[in-house]
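Asker: need coordinates for the following:
(chains A and B)
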Amino acid sequence: MQQAPILEVKDLACERGDHRLFSGLSFALGPGELMQVQGVNGSGKTTLLRTLCGFMQPVQGKVLWSGRDINEWDDSFHAEMCYLGHLNAIKDELSALENLRMSAGLAGYSVNEKQAVTALRRMGLQRREHLPVKVLSQGQRRRVALARLLIGDAHLWILDEPLTALDVGAVGLMQELIGEHLSNGGMAIFTTHQPLQVSGVTTRLLNLS
Amino acid sequence: MNKLSLAGLLGLVVRRDLLLAMRRRADVLTTLIFFVMVVSLFPLGVGPEQDMLRKMASGVVWVAALLASMLSLPRMFSADYADGTLEQMMLAPQSLTVLVLGKIVAHWMLSGLPLVLIAPVLGLQFDMSTQALGMLVLALLLGTPILSMIGVIGAALTLGLRGGGVLVSLLVLPLCIPVLIFGAGAVEAVNSGMSAVSNLALLGAFMIFALVFTPFVAAQALRISME
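Answerer: Residues are numbered from 1 along each chain as shown, chains lettered A, B, ... in the order given. Below you'll find the predicted structure:
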């Protein structure tokens, strides 16, 4: 019997180059919950998110997904999460459409052109689908990267500064997307310096530092 | 949305790398032109002594192939590392080993296969016999994939290091010595009228051995480099 998906962090401590960023961090995130990680520059927001993905090992403590340590999970944990980092993970030489289909493929989904175009249109990239990404603006590139969230059925979204370079319209769109994701039983943890209000959901705040 | 099979993922990675290379053709051409130039310098430097050229031909072509394949190794993961694609690859729900295998196949098609195809033309400069040329192509066909496979481990280990380009050559070149010996040896054997079967068999064995182990090892090396 599969336990309900839940992300638990127990007594977590992380270091970066011998410098202790935070310690004794514990929280749990369940379906429909949204958590914003706050803290000054260098307080370990990105490190926390990367630790949750399993890129980095904590000095102390554990990260559990559905009650099991993420290091003990096989790759199926990765199928249930979607990570969006500082870097967009898109190729300048490829078009927005090609980029989205490639990144969806890496995430394990086979997406046809129509589905990809629909996702890009939703992100406000009409008539930009076939342009090489190098001619797009920073904000448009971020939108291409964010379109990945529309593909697939990951429970857990881990978003590192998702609002960077986005205009007001796109920020509204992100709020809408996160709201839909949460109402479908998903959960999200993100960092941002901008206020992000999702209607009907209380954002839980996690303050590092 | 359909789930992607393992074979589908392998195909996707190969297609993606080939597509990117087609949009950045200069990278592929530099490897090939380097190979052509290095091999062509020898007849010019040594002079038109046919006996000597014939004797050194296979060694020269193999050493040049080795150096040319080192040239493209640092680029194997660096672009994916810089733009964050590698992070997404590590998070792929399918095995990272298969992804790495896809990168190896694409790398060989872009930097190994062109050398195999151009080698007989270059061999003519050394007055090689038809049989020797045929054997050279066959040996390169078996040997160049091994170079890509050993190279991928070096590329993964040196990812993100300053001066990684030189370091990867220093790491990988010594490991390629057996391939060089048996690859050049196969052509030598044909030249001296002996059978090259043992050389080819050993190259084939190396290739299978590398195919089984190197993608997995390189995937582990990538995980270490990402921390």
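
Asker: quick one: the strands in chain A, in order.
Answerer: Secondary structure of chain A, counting by DSSP state E: strands at A:7-16, A:19-29, A:34-38, A:60-65, A:68-69, A:81-84, A:109-110, A:156-160, A:187-191, A:203-207.

Asker: can you tell me which of those is nearest to B:Gly143?
Answerer: Set against B:Gly143 and scored by Cβ to Cβ, these come closest in strand A:109-110, at 35.1 Å. The C-beta positions use only the backbone N, C-alpha and C, and glycine is treated the same way.

Asker: which helix in chain B has the most residues?
Answerer: helix B:197-226 (DSSP state H).

Asker: what are the buried residues along that helix?
Answerer: B:199-200, B:202-203, B:206-207, B:210, B:214-215, B:217-222, B:225-226 (16 or more other Cβ atoms under 10 Å in any protein chain shown).

Asker: the residue of chain B at minimum distance from chain A and B:Met226, how far apart?
Answerer: Nearest residue of chain B to chain A: B:Gly84, at 2.7 Å (Cβ to the nearest Cβ). Look at B:Gly84 and B:Met226: by Cβ to Cβ, to the nearest Å, they are 11 Å apart.

Asker: now the residue of chain B closest to chain A. Nearest residue, chain neighbours left out?
Answerer: Leaving out its chain neighbours, the residue that sits closest to B:Gly84 by Cβ to Cβ, 6 or more residues apart in numbering or on different chains is A:Leu87, at 2.7 Å.

Asker: and what of A:Leu100?
Answerer: A:Ala116 (4.8 Å).

Asker: wait, that neighbour sits on A:Met102?
Answerer: No - under the contact definition of Cβ atoms under 8 Å, A:Ala116 does not touch A:Met102, with a separation of 10.0 Å.

Asker: contacts only, for whatever residue of chain A ends up closest to chain B.
Answerer: Across chain A, the shortest distance to chain B (Cβ to the nearest Cβ) belongs to A:Leu87, at 2.7 Å. Going by Cβ atoms under 8 Å, 6 or more residues apart in numbering or on different chains, A:Leu87 touches B:Ala82, B:Asp83, B:Gly84, B:Glu87.

Asker: next SSE after the helix or strand encompassing B:Gly123?
Answerer: Per DSSP states H and E, B:Gly123 falls inside helix B:113-124. Beyond helix B:113-124 on the C-terminal side, the first helix or strand identified by DSSP H and E is helix B:130-157.

Asker: what's the burial count for residue 93?
Answerer: Reading this off chain A. 17 (other Cβ atoms under 10 Å in any protein chain shown).

Asker: sorry, I should have been clearer: chain B.
Answerer: Counted with other Cβ under 10 Å, B:Pro93 comes out at 21.

Asker: how about stretch A:18-34: buried residues?
Answerer: Of the residues in stretch A:18-34, those buried (16+ other Cβ under 10 Å) are A:Leu21, A:Phe22, A:Leu25, A:Leu29, A:Glu33, A:Leu34.

Asker: what about stretch A:134-152, near chain B?
Answerer: Yes - using Cβ under 8 Å from any Cβ of the partner chain, we find that stretch A:134-152 touches chain B at A:Ile151, A:Gly152.

Asker: how long is that stretch from one end to the other?
Answerer: 26 Å (Cα to Cα, to the nearest Å).

Asker: buried stuff in it?
Answerer: In stretch A:134-152, counting by 16+ other Cβ under 10 Å, buried: A:136, A:140-152.

Asker: up against chain B, what does chain A have?
Answerer: Residues of chain A lying near chain B (Cβ under 8 Å from any Cβ): A:53, A:55-57, A:75-76, A:78-79, A:81, A:83, A:85-94, A:98, A:102-111, A:115, A:151-152.

Asker: mind running it again at 6 Å?
Answerer: Neighbours of chain B within chain A, by Cβ under 6 Å from any Cβ of the partner chain: A:55-56, A:75, A:78-79, A:83, A:85, A:87, A:89, A:93, A:102, A:105-106, A:108-111.

Asker: filter the residues you listed down to just the ones in helices.
Answerer: A:His78, A:Ala79, A:Met102, A:Gly105, A:Leu106.

Asker: longest helix in chain A, by residue count?
Answerer: Of all segments of type helix in chain A, defined using DSSP H, the longest is helix A:168-183.

Asker: any stretches of the chain with poor pLDDT?
Answerer: Because you didn't say which chain, this covers chain A. A:1-3 (pLDDT under 70).

Asker: my question was about chain B, not that one.
Answerer: Short version for chain B, where the test is pLDDT under 70: B:1.

Asker: what is the end-to-end distance of stretch B:100-113?
Answerer: The first residue of stretch B:100-113 is 18 Å away from its last residue (Cα to Cα).

Asker: which residues outside that stretch are in contact with it?
Answerer: B:10, B:13-14, B:17-18, B:21, B:28, B:31, B:69, B:72, B:76, B:144-145, B:148-149, B:152, B:215, B:218-219 (Cβ atoms under 6 Å, 6 or more residues apart in numbering or on different chains).

Asker: can you select the buried ones among the residues you listed for me in PyMOL?
Answerer: To isolate the buried subset of the contacts of stretch B:100-113 in PyMOL, counting by 16+ other Cβ under 10 Å, use the following:
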select buried, chain B and resi 10+13+14+17+21+28+31+69+72+76+144+145+148+149+152+215+218+219
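
Asker: can you report how many residues neighbour B:Gly84?
Answerer: By other Cβ under 10 Å, neighbour count at B:Gly84 equals 18.

Asker: that older thread, among the buried residues of helix B:197-226, which are within reach of chain A?
Answerer: Within the buried residues of helix B:197-226, those near chain A by Cβ under 6 Å from any Cβ are B:Met226.

Asker: thinking again about what came up before, now do the longest helix of chain A: which elements does it pack against?
Answerer: The contact analysis (3 or more Cβ pairs under 6 Å, 6 or more residues apart in numbering or on different chains; DSSP states H and E) places helix A:168-183 against no helix or strand.

Asker: quick one: distance of that helix to the chain centre.
Answerer: For helix A:168-183, the gap between its own C-alpha mean and the chain's C-alpha mean amounts to 13 Å (Cα atoms, centre = their mean, to the nearest Å).

Asker: now do the contacts for residue 65.
Answerer: The chain I'm using is chain A. Per Cβ under 6 Å, 6+ apart, neighbours of A:Trp65: A:Leu7, A:Phe77.

Asker: hmm, no, I was thinking of chain B.
Answerer: B:Leu115.

Asker: leaving out sequence neighbours, find the closest residue to A:Ser199.
Answerer: A:Gly179 (6.2 Å).

Asker: how about B:Pro93?
Answerer: B:Pro93's closest residue in space is A:Ala79 (Cβ to Cβ, 6+ apart), at 3.6 Å.

Asker: please name the nearest non-neighbouring residue to residue 63.
Answerer: You didn't say which chain, so I picked chain A. Nearest residue to A:Val63 in three dimensions, chain neighbours excluded: A:Ile70, at 5.0 Å (Cβ to Cβ, 6+ apart).

Asker: not quite, I wanted chain B
Answerer: Using Cβ to Cβ, 6+ apart, the closest residue to B:Val63 is B:Leu180 (7.0 Å).
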